[in-house]
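S.K.: any chance you could fold what I've pasted below:
(chains A, B and C)
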Amino acid sequence: MAHSIKDIAAALGAEAFGAVDIFVNGAAEPAAAGPDDLALAMTPAYGDALAQGKACAAVVWPGADWRALGLKAAIVAPRARLAMAGLTQMLDQPLPGSGISPQAFVDPTVQIGRNVTIGAFTVVGPDAAIGDNTWIADQVSIAEGVEIGPNCQIHSGARLRRGVQLAARVILQPNVAIGGDGFSFVTAEPSNVEKARETLGEGDMEIPDDPTWHRIHSLGGVTIGDDVEVGANSCIDAGTIRATRIGAGTKIDSLVQVGHNVIVGDHCLLCAQAGVAGSTVIGDRVVVGGKAGVADNLIVGDDVVLGGGSVVLSNVPKGRVMMGYPATKMQTHIESYKALRRLPRLMRDLAKR
Amino acid sequence: MAHSIKDIAAALGAEAFGAVDIFVNGAAEPAAAGPDDLALAMTPAYGDALAQGKACAAVVWPGADWRALGLKAAIVAPRARLAMAGLTQMLDQPLPGSGISPQAFVDPTVQIGRNVTIGAFTVVGPDAAIGDNTWIADQVSIAEGVEIGPNCQIHSGARLRRGVQLAARVILQPNVAIGGDGFSFVTAEPSNVEKARETLGEGDMEIPDDPTWHRIHSLGGVTIGDDVEVGANSCIDAGTIRATRIGAGTKIDSLVQVGHNVIVGDHCLLCAQAGVAGSTVIGDRVVVGGKAGVADNLIVGDDVVLGGGSVVLSNVPKGRVMMGYPATKMQTHIESYKALRRLPRLMRDLAKR
Amino acid sequence: MAHSIKDIAAALGAEAFGAVDIFVNGAAEPAAAGPDDLALAMTPAYGDALAQGKACAAVVWPGADWRALGLKAAIVAPRARLAMAGLTQMLDQPLPGSGISPQAFVDPTVQIGRNVTIGAFTVVGPDAAIGDNTWIADQVSIAEGVEIGPNCQIHSGARLRRGVQLAARVILQPNVAIGGDGFSFVTAEPSNVEKARETLGEGDMEIPDDPTWHRIHSLGGVTIGDDVEVGANSCIDAGTIRATRIGAGTKIDSLVQVGHNVIVGDHCLLCAQAGVAGSTVIGDRVVVGGKAGVADNLIVGDDVVLGGGSVVLSNVPKGRVMMGYPATKMQTHIESYKALRRLPRLMRDLAKR
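M.R.: Numbers count the residues shown, from 1 in each chain, chains lettered A, B, ... in the order given. Now for the predicted structure:
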């Protein structure tokens, strides 16, 4: 769908210059842009690439001399990535399909709002409820009693087990598993894990009398707030006797694990392959970097930033930037790390003394 | 389903006090408990919360003065988490559905036991066998010749490829992939990986004459023992010429990778996002912490505990508690770590001398 | 299907000795081999095991005295794993099924090549195209406009969203998600992540005025080259305004995350649970070890080897072997690591001086 430069700029709250009535069909990188594309050249580094492409119009950086760059029209974006949000939303295609597929298997007791889409081979169990304008792809599993709010998007292969509640505008990417049973097992006598934690690994572990793991069932489900997005193949496990909870506005990337009973606050980011173990509480606006992990039963304060790959083994006060294994204040980590790099030389020097 | 305090205590092998004929419908955290809930206040930390909730009955810690806590009845649990196992099992709902869905696609040659459930859009290939009382959700894929024992639970989106055998009482959470092809490739001449391992990274890698990766096919399938549970979106790859094996009673969390040819012993725990690379042998009762990894072709002894996030790069003797990257004895790791923390100061002090 | 020793040796380009007209039905480990199996005893370590099994023929190491090992026939493989590639390919079963399942839901506008298989409950959207001899399992989702080349294998539960293009001979293992939306969000003002990166964690983070994450939509799809394989439950996210790209001959293991806009070169290996964050460029023939991670917006040169568990936080020159967190040259890492191990002793010694 074509948009004029003027309309795009207005939608972005940005300024437009030149032939603002030109229409564009899509966005492209500067070097790859065709004559009907809006080139995205949001930093001076992209200036040269504009000449390689064929764009007549571009989003450019503040202060760019767009005429000298060979453009007929330009939009100036003071915060480039924010402009990307508005722009890509304008240019996105609507979701395909509409209505309830005759190949879906929807229990007659399901409450379905207005303008709902349900794709082929999707199963919706008894007493589930689906809000207005919610779009559900093919091959989704929605268990008995699951509640889904309005304007949600649920992609293929997502699994919502019993006790799952989604608020409004929740997006689940493909193959997400919400409400799988928590990983919660216990031995009759204290296990080697319990012993290792208590002794901090002193001495070796011995063969227990009865190694059987007894299963703690997950009765609590999962509650997900407004505007949450969950990435492909991520898992949020059901709570034991109350729901695992994800706060409003929180965004979860692909292959992330959220354990049973975890509470994640509002407006957090959990980047790819991050993991939060059982019963841990994550505050609001926390950023968990890619591959970072938080051990079980901890408290991570509001506005904490955990660097990629860090492993949190103790509570974190609010606002702290953390890194390492175990994670410490980023500055402490960097100081230790720099000292470690100089250590081989120090040892050689000391050996000479 | 309602249970009396007396019956619950009997089932848990615990003692009951007070009005033991009171019925409860479910379990709840103390502060959130309604009048028909059994509050779970298994440590003194929960004492105050009981007053905030409305529970008449609770599971309390040994020595608790349950009358003073405002309760009419109490169950005393000496080992709280063990009581949780029995209690949540009692209060859990039975699995929904029964019988073979007319929307399932089951080959006529499949051997089906008594009282089997197969959900909508599940596919079961020729010559597969399904044991008595096994419950299979919607949208599961079961390949030709797969054997599933009695009393198993297989949730939506689980994939069982050829050569997979499940024993009795196996639970597969949603989107589990069992028997995908192993990651096994070889170049005609020694590859850079082989060179890097041999030289321990001395010198830079060069462009190989022929970088083509030839595929080693996976003919061996996967064998899974009694009482194994596999968490959501986890993967267990097929062996090359014999089965990848998971021992009885072993529990595997979400997003775990078990590579081809791996042998995992009995009663192990593999926590979320753990990974075991190809052909490694894990003993009995081993605990692999969350995000921990074990490299390929290693042997990890019985009763080993690997701390969360640790990366094992060499064999581990039985009974050892390990931590770090590369993983070492936990105590060695802690000693090194403490020294590292003091190193910046040491360097400053030495500079002053 | 039975093959003669002579034919197997010829197919492998290896030499055969003894009764080369013997037929074998399969391959097995030496100790487990039956009389009709070809035992795989490719190193002297397997010599003793041959006597425990019943094999009459084996693949043996160069220089083995096959008669003394009790064999009637032998194949000598100079490069054992390469022989495994050819051998397992010969002995593998063909994929089951053929034709378009009447239970599949294929839009009438789909272009379907010759000899295509599409399994039950698979959905193929409008204007998709499927090349000759491509095999698609049950319960696969193929979105509108997706292009799949010839001779591909797509296993159950794979999800291909809009804008996905697969070239020839691509293999997708179960539950792979290709083309899920990228994890790309932006706040109106600089977020705590941006601040933490800029200040390297100096000072604590504060509560932002507006913590809302605005979504950058993913319009760019994913392009996958010839002979690529993607392991079970792995994810490759769609690009923003151009495709995320995987080069020809690259092999990706299970539970791997490839972020939006990433470019992976040809003939790479991405081992299990590896992750490459958004917009990073990985050269040709790069090996990313298991659980290794590469941060966003970086460049990793050709022929780089990243050790298992390493975390790359800056650009890597071509040919380098890297290890650690943050990853450095493997030799630097080992040197630091050895020094760290000796540090507690050094500190004790210095305290005595």
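
S.K.: C-alpha only now, for contacts and for neighbours.
M.R.: Fine.

S.K.: quick one: average confidence on the longest helix along chain A?
M.R.: Counting residues, the longest helix in chain A under DSSP state H turns out to be helix A:330-352. Mean per-residue pLDDT for helix A:330-352: 92.

S.K.: which other helices and strands contact that helix?
M.R.: Helix A:330-352 sits against strand A:321-323, helix B:330-352, helix C:330-352, with contacts defined as 3 or more CA pairs under 8 Å, 6 or more residues apart in numbering or on different chains; DSSP states H and E.

S.K.: and that helix, what's buried?
M.R.: Residues A:330-334, A:336-337, A:339-341, A:343-344, A:346 are the ones in helix A:330-352 that count as buried (16 or more other CA atoms under 10 Å in any protein chain shown).

S.K.: mind giving me the domain ranges of chain A?
M.R.: According to the TED database, chain A comprises the domains A:3-91, A:158-182+A:218-330, A:183-215.

S.K.: before we move on, back to that, can you put the helices and strands packed on helix A:330-352 in TSV and add distance to B:Val230?
M.R.: Shown next, in TSV, are these (distance: least, CA to CA, whole Å):
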stretch	distance to B:Val230
strand A:321-323	31
helix B:330-352	28
helix C:330-352	35
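
S.K.: which stretches of the stretch 51-200 of chain A form helices?
M.R.: Using DSSP state H, counting those that start in this stretch, the helices found in the stretch 51-200 of chain A span residues A:80-91, A:192-199.

S.K.: just these: most buried one?
M.R.: Highest mean neighbour count among these (mean count of other CA atoms under 10 Å in any protein chain shown): helix A:80-91, with a mean of 20.

S.K.: packing partners of that helix?
M.R.: helix A:5-12, strand A:26-28, strand C:185-186, strand C:214-215.

S.K.: now with 10 Å?
M.R.: Contacts defined by 3 or more CA pairs under 10 Å, 6 or more residues apart in numbering or on different chains; DSSP states H and E place helix A:80-91 against helix A:5-12, strand A:26-28, strand A:37-41, strand A:57-60, strand C:185-186, strand C:214-215.

S.K.: and these: which comes nearest A:Ala128?
M.R.: Proximity to A:Ala128 (CA to CA) singles out strand C:214-215 among the helices and strands packed on helix A:80-91, at 28.5 Å.

S.K.: whether that closest one contacts chain A - can you check?
M.R.: Yes: applying CA under 10 Å from any CA of the partner chain, one finds strand C:214-215 touching chain A at C:214-215.

S.K.: toward the C-terminus from that strand, list the very next helix or strand.
M.R.: Once the chain leaves strand C:214-215, the next helix or strand it forms, by DSSP states H and E, is strand C:222-224.

S.K.: contacts for that following strand?
M.R.: The set of residues external to strand C:222-224 that reach it, using CA atoms under 10 Å, 6 or more residues apart in numbering or on different chains, is C:146-149, C:160-168, C:170, C:178-180, C:236-239, C:242-250, C:260-264.

S.K.: list the contacts for A:Ile136?
M.R.: Neighbouring residues of A:Ile136 by CA under 10 Å, 6+ apart: A:95, A:97-100, A:116-120, A:122, A:130, A:152-156, A:158, A:171-172.

S.K.: of the residues you listed, which belong to strands?
M.R.: By the criterion of DSSP state E, membership of these in strands covers A:117-118, A:130, A:153-154, A:171-172.

S.K.: which among those residues are in contact with chain B?
M.R.: When CA under 10 Å from any CA is applied, no member of those is adjacent to chain B.

S.K.: just the closest of those residues to A:Glu229, please.
M.R.: The closest of the ones in strands among the contacts of A:Ile136 to A:Glu229 turns out to be A:Ile171 (CA to CA; 4.6 Å).

S.K.: any idea how far A:Lys329 is from the closest residue to chain C within the stretch 251-353 of chain A?
M.R.: In the stretch 251-353 of chain A, the residue that lies nearest chain C is A:Gly319 (4.3 Å; CA to the nearest CA). Taking CA to CA, to the nearest Å as the measure, A:Gly319 falls 11 Å from A:Lys329.

S.K.: what touches both of the two?
M.R.: Here A:Gly319 and A:Lys329 have A:305, C:203-204 as joint contacts, going by CA under 10 Å, 6+ apart.

S.K.: with respect to B:Ala274, which of the helices and strands packed on helix A:80-91 lies nearest?
M.R.: Among those, the nearest to B:Ala274 by CA to CA is strand C:185-186 (28.1 Å).

S.K.: re earlier: by neighbours, which of the shared contacts of A:Gly319 and A:Lys329 wins?
M.R.: A:Val305 (32 neighbours; other CA atoms under 10 Å in any protein chain shown).

S.K.: quick check: angle from the lowest-mean-pLDDT helix or strand in chain A to helix B:330-352?
M.R.: When each helix and strand of chain A is scored by mean pLDDT, DSSP states H and E, helix A:192-199 comes last, with a mean of 85. Interaxial angle, helix A:192-199 versus helix B:330-352 (axes from the mean of the first three to the mean of the last three CA atoms, to 10 degrees): 30 degrees.

S.K.: wait, does helix A:192-199 contact chain B?
M.R.: Yes: when contact is scored as CA under 10 Å from any CA, part of helix A:192-199 falls within range of chain B: A:192-193, A:195-197, A:199.

S.K.: which strands and helices sit next to that helix?
M.R.: On a contact count with 3+ CA pairs under 10 Å, 6+ apart, helix A:192-199 meets strand B:287-288, strand B:305-306, strand B:321-324.

S.K.: could I get it in CSV with only the CA atoms?
M.R.: Taking Å, rounded to 0.1, in the frame of the first residue of the first chain, the C-alpha atoms of helix A:192-199 are listed here in CSV:
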residue,chain,number,x,y,z
ASN,A,192,22.3,-33.8,46.4
VAL,A,193,21.2,-30.4,45.1
GLU,A,194,20.1,-29.3,48.5
LYS,A,195,23.3,-30.7,50.0
ALA,A,196,25.5,-29.0,47.5
ARG,A,197,23.8,-25.6,48.1
GLU,A,198,24.2,-26.0,51.8
THR,A,199,27.8,-27.1,51.8
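
S.K.: contacting residues around it?
M.R.: Counting by CA under 10 Å, 6+ apart, A:200-208, A:211, B:269, B:285-289, B:303-307, B:319-322, B:330-331 sit against helix A:192-199.

S.K.: one more time with 8 Å
M.R.: Here helix A:192-199 makes contact (CA atoms under 8 Å, 6 or more residues apart in numbering or on different chains) with A:201-202, A:205-206, A:208, B:287, B:303, B:305, B:321.

S.K.: dig out what the nearest residue to A:Val106 once chain neighbours are set aside forms beta bridges with.
M.R.: Closest residue in space to A:Val106, ignoring its immediate chain neighbours: A:Val124 at 4.7 Å, by CA to CA, 6 or more residues apart in numbering or on different chains. Beta-bridge partners recorded for A:Val124 (DSSP bridges): A:Val106, A:Ile142.
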